[in-house]
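Asks: Based on what follows, work out the 3D shape:
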Amino acid sequence: MKFAKLFDLEDGEQVLLTVEYDDDKDQYELIFKTDFNGATASMKLGYKEESMALESMEKVELERAQEFRSSMSKHFITT
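Replies: Numbering: from 1, shown residues only. Predicted structure coming up:
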């Protein structure tokens, strides 16, 4: 199973999803990332089991990636 997924959005921007293990929190994390003029916006969702994080990542579709980017854009000044 893949540990990353990249979405190319209609506006030319991208959203990257990865599954990583956080030693400090003792959990797997599904991480959403996107870039705004050199500043990275991210969101982490924690899971006890790697399989759950990977399954959640596989269920994310283009529409959800676009929603993530749109919601993060409200926190950045974009020109």
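Asks: contacts, neighbours, all on C-alpha from now
Replies: Fine.
Asks: In space, what's closest to the residue most central in space within the chain - neighbours in sequence excluded?
Replies: Closest to where the C-alpha atoms of the chain average out (C-alpha atoms, centre = their mean) is residue 32, at 1.1 Å. Excluding its sequence neighbours, the residue lying closest to residue 32 (C-alpha to C-alpha, 6 or more residues apart in numbering) is residue 17, at 4.7 Å.
Asks: need the contact list for that neighbour.
Replies: 4-6, 30-33, 57 (C-alpha atoms under 8 Å, 6 or more residues apart in numbering).
Asks: please redo it, this time with the cut-off set to 7 Å
Replies: Neighbouring residues of residue 17 by C-alpha atoms under 7 Å, 6 or more residues apart in numbering: 4-6, 30-33.
Asks: now, among those residues, which is nearest to residue 52?
Replies: Nearest to residue 52 among the contacts of residue 17 is residue 30, at 9.4 Å by C-alpha to C-alpha.
Asks: tally of neighbours for the closest one?
Replies: 25 (other C-alpha atoms under 10 Å).
Asks: which residue sits closest to it, ignoring its sequence neighbours?
Replies: residue 19 (4.6 Å).
Asks: which residue packs closest to residue 26, ignoring adjacent ones?
Replies: With C-alpha to C-alpha, 6+ apart, the residue lying closest to residue 26 is residue 48, at 7.6 Å.
Asks: secondary structure class for the residue nearest to the centre of the chain?
Replies: The local conformation at residue 32, judged by DSSP: H, G, I helix; E, B strand; the rest coil, is strand.
Asks: Residues in a beta bridge with it, which ones?
Replies: Beta-bridge pairing for residue 32 (DSSP bridges): residue 17, residue 43.
Asks: Looks like it contacts residue 45 (just checking).
Replies: No: the criterion here is C-alpha atoms under 7 Å, and residue 32 misses it with residue 45 at 8.6 Å.
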